[in-house]
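**Q** What would the 3D arrangement of this be:
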Amino acid sequence: MSILERLDKVRKLGGTLKVFCAVAGRARSMLYNWLRRKKAGRLEDAKPIALINPKKLGAEKVKEVTDYIEKHPEIATNYVTAIKTGVSPSSVSKIRNKYITKPVTKEVSLTKSHYGWLKRNVCWSMDTMMVRFLGGWLYAMLLVEETSRLLLGWRLCERKLGIYARELLLGAIIRIGTKPLVLKHDRGKEFENTEFQEAPEEKRILSLPSPGYYAPFNSIAERTVRVLRKFTMPLEIRYDATLEEMDRVFSRAQREINHELPRWIFNGKTSQEVYNLTPDYDESERDRMIETVFENQEIEDGEYFLAGKALDKQRQIIVDYLCQRNLCFIERHTIKVKLKPTG
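**A** Numbers count the residues shown, from 1 in each chain. Here you go, the predicted structure:
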């Protein structure tokens, strides 16, 4: 029978030569694998079903797996447990989901506070961001006006020193022609030192350090850092970047953040527009606030200061005073968090 006659016969059967060859090839492959297993003396399946089906493992094997997980909770991953007990990782996962009691989560309510400012230049905040540069790090110190989120200034430096933070603060005061009532910052070494703290004292600016382990206190400066990161990232991944390029990036970022970026919180206005429209505080508030803070400190019990809570109390006094003078407000909202029990 010729090739054309064979092809015609296959077509009459309702198929094509390509399909016929594919089916024949799969059959030959299965036969070849069967003959190879027969020659090796292992016609049975190389991966028994019992290893991947917990129902077929037996009660003793299931107990062995659960006992190992309970005795070694720190390292008993599915893979580790499978190696130690001789079953498959998928079986361990199924046994864990079915037989291991999950810890009961407890839902608690937490109250978070947000500080808002009603007059411009009442509060400035300082923060430091790390910038990847030529395989190492640069530090960018930032100064932000809290009411409008205006980026007042920045400084690139190789080390986090108080003298650099001092120069940034004093330079902004000279350039803008005004100074804040309070200055917020975290407890970084560049702010918690004599070189820097002398500057607020000279200008009669009250320092407002952040509470311990409470990052949201400086959240506006942190948001500015996140926006700046989008500008610096293209340079951070390069190994041929220069300081001049980094300087230009920060200059462009300051211009666009202040003048080009519409703020959702300000109904589409930019930071510069909000800064221009917001009235300034009365300079007489400075004397009243300082007098109030020190009067309250004098009548406080000495035990409060011995307990190391002097800064927290001073912060509370300052915020209470600013709220009473309609310079500040506090928004509180409750969130629910699920906690796993310990022990």
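
**Q** can you give me the strands for this protein?
**A** Applying DSSP state E to the chain gives strands spanning 106-117, 123-133, 136-145, 150-157, 182-185, 206-209, 328-339.

**Q** and of those, who's closest to Ser91?
**A** Proximity to Ser91, assessed across the strands of the chain by Cβ to Cβ, is greatest for strand 328-339 (29.2 Å). All C-beta spots, glycine's among them, are computed from the backbone N, C-alpha and C.

**Q** and Arg226, how many neighbours does it have?
**A** Residues contacting Arg226 under the criterion other Cβ atoms under 10 Å number 9.

**Q** Tell me where the stretch 1-150 of the chain has helices.
**A** Ranges of helices in the stretch 1-150 of the chain, per DSSP state H, counting those that start in this stretch, are 3-12, 17-40, 59-71, 78-85, 89-99.

**Q** and of the strands of the chain, who's closest to Ser88?
**A** Of all the strands of the chain, strand 328-339 sits nearest to Ser88, with 31.6 Å by Cβ to Cβ.

**Q** sorry, back to before: may I see the helices of the stretch 1-150 of the chain arranged in CSV, with distance to Lys313 and mean pLDDT as well?
**A** Formatted as CSV, these follow (distance: least, Cβ to Cβ, whole Å; pLDDT from 0 to 100):
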stretch, distance to Lys313, mean pLDDT
helix 3-12, 94, 61
helix 17-40, 79, 70
helix 59-71, 48, 89
helix 78-85, 50, 90
helix 89-99, 50, 87
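
**Q** Please identify the deepest-packed of the strands of the chain.
**A** strand 182-185 (a mean of 24; mean count of other Cβ atoms under 10 Å).

**Q** and that strand, what other elements does it pack with?
**A** Applying 3 or more Cβ pairs under 8 Å, 6 or more residues apart in numbering; DSSP states H and E, we find strand 182-185 packed against strand 123-133, strand 206-209.

**Q** hmm, who's touching the shortest one?
**A** Okay, so that is strand 206-209. Contacts with strand 206-209, where a contact means Cβ atoms under 8 Å, 6 or more residues apart in numbering, come from 123, 181-187, 191-192, 197, 200, 289-290, 293, 311, 314-315, 318.

**Q** ok, of the residues you listed, which come out buried?
**A** For those, a burial check counting by 16 or more other Cβ atoms under 10 Å picks out 123, 181-186, 191, 197, 200, 289-290, 293, 311, 314-315, 318.

**Q** I'd like the distance between the residue nearest to Val62 when sequence neighbours are not counted and Glu64.
**A** Among residues not flanking Val62 along the chain, Ile95 sits closest, at 5.8 Å (Cβ to Cβ, 6 or more residues apart in numbering). Using Cβ to Cβ, to the nearest Å, we find Ile95 at a distance of 10 Å from Glu64.

**Q** Repeat that for Phe196.
**A** 62 Å.

**Q** what about those two, which has more around it?
**A** Between Phe196 and Glu64, counted using other Cβ under 10 Å, the more crowded position is Phe196 (25 against 18).

**Q** What pLDDT does the model give the more buried one?
**A** Note for Phe196: predicted pLDDT of 92.

**Q** you'd agree it is up against Ala165?
**A** Yes: Phe196 is in contact with Ala165 according to Cβ atoms under 8 Å; the separation is 4.7 Å.

**Q** Overlap in contacts, the two.
**A** The contact sets of Phe196 and Ala165 overlap at Glu190 (Cβ under 8 Å, 6+ apart).

**Q** Please identify the buried residues of stretch 166-174?
**A** Neighbour counts over stretch 166-174 (16+ other Cβ under 10 Å) mark Arg166, Glu167, Leu168, Leu169, Ala172, Ile173 as buried.
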